[in-house]
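In: Structure, please.
(one chain, ligands or ions: 1)
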Amino acid sequence: MGEQAMLPCFKCGRVMRNVCPGWDENQPDEGTEFRTYGHYGSTFWDDFNGEELVLNVCDPCLREHAARLAQQKRFLPIRCAGMVGFGRQWVDRPMVSYSGHLDRSEAQVEVEELGTEIPGVEWVSDIGERKADLGS
Ligand SMILES: [Zn+2]
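Out: Residues are numbered from 1 along each chain as shown. You can find the predicted model right below:
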């Protein structure tokens, strides 16, 4: 284990390298891992006890079938003092057809707002330390 991603491509069966050889995690190079607890309606997988179904799809298969994909912006990264990595603001945007263009919108806050109660905002666990590092 470690040299190859733990799973081949679900679509074509291609074996992918692991991005970092030696990792004991499924991290396919030129591929993406997908995870789900399943869905109501599935007769194949719909778990309520914390077990995920996992599959890898290689990048060529995603590109080849891009018309079958959708994308959905789920949160805005929070930018402060020119940096990101402070947390996320959850948004409720619709799923749209895959365009290949990422929505780069962000939430902007001032240093004094870091760690404060803002609707829909989830701060990183060390936000107090991060705020202190910025001198506030
Ligand atoms: Zn493939």
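
In: how near is the residue nearest to Leu53 when sequence neighbours are not counted to Gln89?
Out: Nearest residue to Leu53 in three dimensions, chain neighbours excluded: Trp45, at 4.5 Å (Cβ to Cβ, 6 or more residues apart in numbering). For glycine as for every other residue, the C-beta is placed from the backbone atoms N, C-alpha and C. Trp45 is 31 Å from Gln89, where distance means Cβ to Cβ, to the nearest Å.

In: A helix includes Ala132, no?
Out: Yes - under DSSP: H, G, I helix; E, B strand; the rest coil, Ala132 sits within a helix.

In: Any idea how many residues pack against it?
Out: When neighbours are counted by other Cβ atoms under 10 Å, Ala132 registers 12.

In: returning to that earlier point: neighbour-wise, which of Trp45 and Gln89 wins?
Out: More crowded of Trp45 and Gln89, by other Cβ under 10 Å: Gln89, with 16 against 12.

In: That one belongs to a strand?
Out: Yes - under three-state DSSP, Gln89 falls within a strand.

In: averaged over its residues, what pLDDT does stretch 29-43 have?
Out: Averaged across stretch 29-43, the pLDDT comes to 95.
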